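Visitor: the following comprises the amino acid sequence and a computationally predicted model.
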Amino acid sequence: MTPTTAPAPAAPATADPSAAALAWAKTLVSFDTTSRNSNVAMIQCIADELTAHGITPLIVPSPDGNKANLFATIPAHDGAVTGGIMLAGHTDVVPVDGQAWESDPFTPEVREGRLYGRGTTDMKAFSGAILAFLPEFLSRPLAEPLHFAWTYDEEVGCHGAVVLLEELKARGIHPRIGFVGEPTSMRPVSAHKSSQLYRVTVSGIAAHSSMTSTGVNAIEYAARAIAFIRSLADEHRLTGPFDQTFVVPYTTANVGVVSGGAAVNTVAEKCEFEFEFRTIPGDDPGSVIARIEETLAGLRAEIQQENPAAEIRMDSLGKVPGLNPDGQRDALALAQNLTGQAVEESVVYATEAGLFQQAGIDTVVCGPGSMDQGHTANEYVELTQIAACEDFLQALTAHLSTTERTPQP
């Protein structure tokens with residue numbers, strides 16, 4: 001594996017994207033699919049376009065029906081719908097709250113060779129290029145089926161992909177290779193860290209601060225748990241294990257949200273905090289969480305010695321497996337061939353690729369744009385990157401054409 005930190009920028013391209021790819025990227029960005037919102041309107045828009053081209057969409061709703069995944073297949077020339085290659089992307093975007101944008105985040109604008117708007121690089125430009133390319137995909141018989149997957153709630157734990165994979169398994173649909181179009185500057189990425197998200201809730205006993213002995217301070221116990229998580233992060237930073245293919249070559253942890261207490265003269269009855277840890281492929285997430293659970297069990301015993309009604313609880317908010325570069329390598333080899341980039345890189349952010357790999361789909365990450373622009377104010381994707389994505393899709397079409405190859409087993 002190339003010991004790089006993150007996908008390096010691809011060589012500058014000179015081609016402009018097609019009018020259709022740019023138009024579709026703009027259309028998709030105009031849907032405010034921030035994870036707290038429904039994505040159904042965008043999913044229906046994609047479904048309508050697929051239907052207009054004679055492709056039958058499978059809509060897989062979330063358990064509450066407020067969101068949906070979409071899966072569709074162009075069958076192989078012999079009618080086969082399993083095996084083949086899957087192009088996958090998520091529909092949700094991160095919030096723009098508190099960010100200083102120079103333009104409306106959901107009214108996409110082209111300025112100085114860039115398309116600006118929330119989700120342009122993460123990752124609606126990829127989806128737009130796919131939709132623009134539907135006529136080309138349909139123009140030739142395919143040796144293998146070509147699948148499309150769009151999911152919900154990737155940004156908050158990859159919940160949609162879990163639901164979609166369960167549905168595909170029940171239907172006996174199993175793509176052979178997957179390409180997740182997260183922004184990598186169209187360079188193949190074969191490894192990323194896991195992402196494990198948790199909430200810890202500490203329930204104490206409220207009391208007046210002049211009578212601390214009659215209460216149990218939830219904030220104090222939460223602080224002790226937070227301090228342990230930080231010590232665990234420091235241990236990994238100092239002693240590893242290490243993987244130098246990552247820009248941050250060790251497992252990390254971060255407490256990102258804390259809330260608790262009612263007033264300075266009141267013993268805090270409740271405190272909650274949310275944390276994450278991201279493991280390198282060689283580090284077992286289960287062993288990390290086991291150590292945190294052991295510490296919380298010790299704190300639980302202590303807090304209940306003060307008052308049996310007190311409690312400490314930890315709940316999982318999302319478990320996204322890492323993408324491991326070991327094992328099958330067909331997806332990487334094909335991505336290198338289609339992009340003309342003979343590289344193999346890693347990224348520190350997590351994607352749905354780990355879930356697809358865990359389901360037995362040989363998967364790599366490869367898409368237009370750079371994550372340097374993802375999640376930021378004035379998010380943008382270079383127009384040349386959209387054009388490079390279209391080149392990739394053109395090469396994929398040629399690869400799948402029955403006039404140029406035979407199907408894989």
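Guide: Great, that's in hand. Numbering: from 1, shown residues only.

Visitor: I'd like the next helix or strand past the helix or strand containing residue 290.
Guide: Assessed by DSSP states H and E, residue 290 sits inside helix 285-306. Sequence-wise, the next helix or strand downstream of helix 285-306 (DSSP H and E) is strand 311-320.

Visitor: roughly how far is the following helix or strand past that next one from the heart of the chain?
Guide: Counting by DSSP H and E, the next helix or strand C-terminal to strand 311-320 is helix 330-339. Centre-to-centre, helix 330-339 and its host chain are 21 Å apart (C-alpha atoms, centre = their mean, to the nearest Å).

Visitor: which helices and strands sit right next to the helix holding residue 290?
Guide: The contact analysis (3 or more C-beta pairs under 8 Å, 6 or more residues apart in numbering; DSSP states H and E) places helix 285-306 against strand 195-203, helix 218-239, strand 270-278, strand 311-320. Placement of C-beta: from N, CA and C, glycine included.

Visitor: find the centremost residue of this protein, please.
Guide: residue 351 (3.2 Å; C-alpha atoms, centre = their mean).

Visitor: assign that one to helix, strand or coil.
Guide: Three-state call for residue 351 (DSSP: H, G, I helix; E, B strand; the rest coil): coil.

Visitor: tell me the SS of residue 54?
Guide: coil.

Visitor: over to the one 4 residues further on?
Guide: Assigned with three-state DSSP, residue 58 falls in the strand class.

Visitor: quick one: it and residue 167, what's the gap?
Guide: 8 Å (C-beta to C-beta, to the nearest Å).

Visitor: who touches both of the two?
Guide: residue 71 (C-beta atoms under 8 Å, 6 or more residues apart in numbering).

Visitor: ok, these two, which is more surrounded?
Guide: Taking neighbours as other C-beta atoms under 10 Å, residue 58 and residue 167 compare with residue 58 leading, 17 against 14.

Visitor: let me know the pLDDT of the more buried one.
Guide: pLDDT for residue 58: 98.

Visitor: can you check residue 377 too?
Guide: 97.

Visitor: swap in residue 392?
Guide: Model confidence at residue 392, given as pLDDT, is 97.

Visitor: hang on, the earlier thing: test my guess that the residue nearest to the centre of the chain contacts residue 365.
Guide: Yes. Contact between residue 351 and residue 365 holds when scored by C-beta atoms under 8 Å: they sit 5.5 Å apart.

Visitor: overlap of the contact sets of those two?
Guide: Counting by C-beta under 8 Å, 6+ apart, the common neighbours of residue 351 and residue 365 are 180, 182, 192, 323.

Visitor: nearest to residue 298, out of the residues you listed: which one, please.
Guide: residue 192 (32.7 Å; C-beta to C-beta).

Visitor: outline the domain layout of the protein.
Guide: Listed domain ranges for the chain are 19-192+322-400, 195-320 (source: automatic domain parsing).

Visitor: using the three-state scheme, assign residue 122.
Guide: helix.

Visitor: and of the helices and strands packed on helix 285-306, who's closest to residue 73?
Guide: Residue 73 lies closest to strand 311-320 among the helices and strands packed on helix 285-306, at 25.1 Å (C-beta to C-beta).

Visitor: name the strands paired with that closest one and say parallel or antiparallel.
Guide: Its sheet considered, strand 311-320 pairs with strand 195-203 (antiparallel) by DSSP bridges.

Visitor: quick one: the strand it pairs with to helix 285-306, angle?
Guide: 0 degrees (axes from the mean of the first three to the mean of the last three C-alpha atoms, to 10 degrees).

Visitor: give me the buried stretch members for strand 195-203, please.
Guide: The neighbour-count check on strand 195-203 (16 or more other C-beta atoms under 10 Å) flags 195, 196, 197, 198, 200, 201, 202, 203 as buried.

Visitor: how close does the fourth one get to residue 244?
Guide: What that stands for is residue 198. Separation of residue 198 from residue 244 (C-beta to C-beta) stands at 28 Å.

Visitor: what's the answer for the third one, then?
Guide: Residue 197 sits at a distance of 26 Å from residue 244 (criterion: C-beta to C-beta).

Visitor: in contact with the nearest residue to residue 267 once chain neighbours are set aside, which residues are there?
Guide: Using C-beta to C-beta, 6 or more residues apart in numbering and skipping residues adjacent in sequence, the residue nearest residue 267 is residue 215, 3.3 Å away. Counting by C-beta under 8 Å, 6+ apart, residue 215 touches 204, 205, 206, 207, 208, 267, 269.

Visitor: the last one reaches residue 218, doesn't it?
Guide: Yes. Residue 269 is within contact range of residue 218, at 6.1 Å (criterion: C-beta under 8 Å).

Visitor: which neighbours do these two share?
Guide: Counting by C-beta under 8 Å, 6+ apart, the shared contacts of residue 269 and residue 218 are 203, 204.

Visitor: who has more neighbours, these two?
Guide: Counted by other C-beta under 10 Å, residue 269 and residue 218 do not tie: residue 218 has more neighbours, with 26 against 20.

Visitor: residues contacting that one?
Guide: Counting by C-beta under 8 Å, 6+ apart, residue 218 touches 202, 203, 204, 260, 261, 268, 269, 270, 271, 310.

Visitor: counting neighbours, what do you get for the last one?
Guide: What it means is residue 310. Neighbours of residue 310 using other C-beta under 10 Å come to 21.

Visitor: doesn't residue 201 make contact with it?
Guide: No. Between residue 310 and residue 201 there is no contact, the gap being 11.4 Å when judged by C-beta under 8 Å.

Visitor: can you give me the helices in the chain?
Guide: Taking DSSP state H, the helices of the chain run over residues 19-29, 40-52, 125-132, 134-137, 159-171, 218-239, 285-306, 330-339, 353-358, 383-400.

Visitor: between those, which gets nearest to residue 81?
Guide: Distance to residue 81, taken as C-beta to C-beta, is lowest for helix 159-171 among the helices of the chain, at 9.1 Å.

Visitor: re earlier: determine which two of the contacts of residue 218 are furthest apart.
Guide: For the contacts of residue 218, the maximum inter-member distance is 15.2 Å, found between 261 and 310 (C-beta to C-beta).

Visitor: contacts only, for residue 226.
Guide: Contacts of residue 226 by C-beta under 8 Å, 6+ apart are 255, 258, 273, 275.

Visitor: which of the residues you listed sits closest to residue 225?
Guide: residue 273 (7.6 Å).
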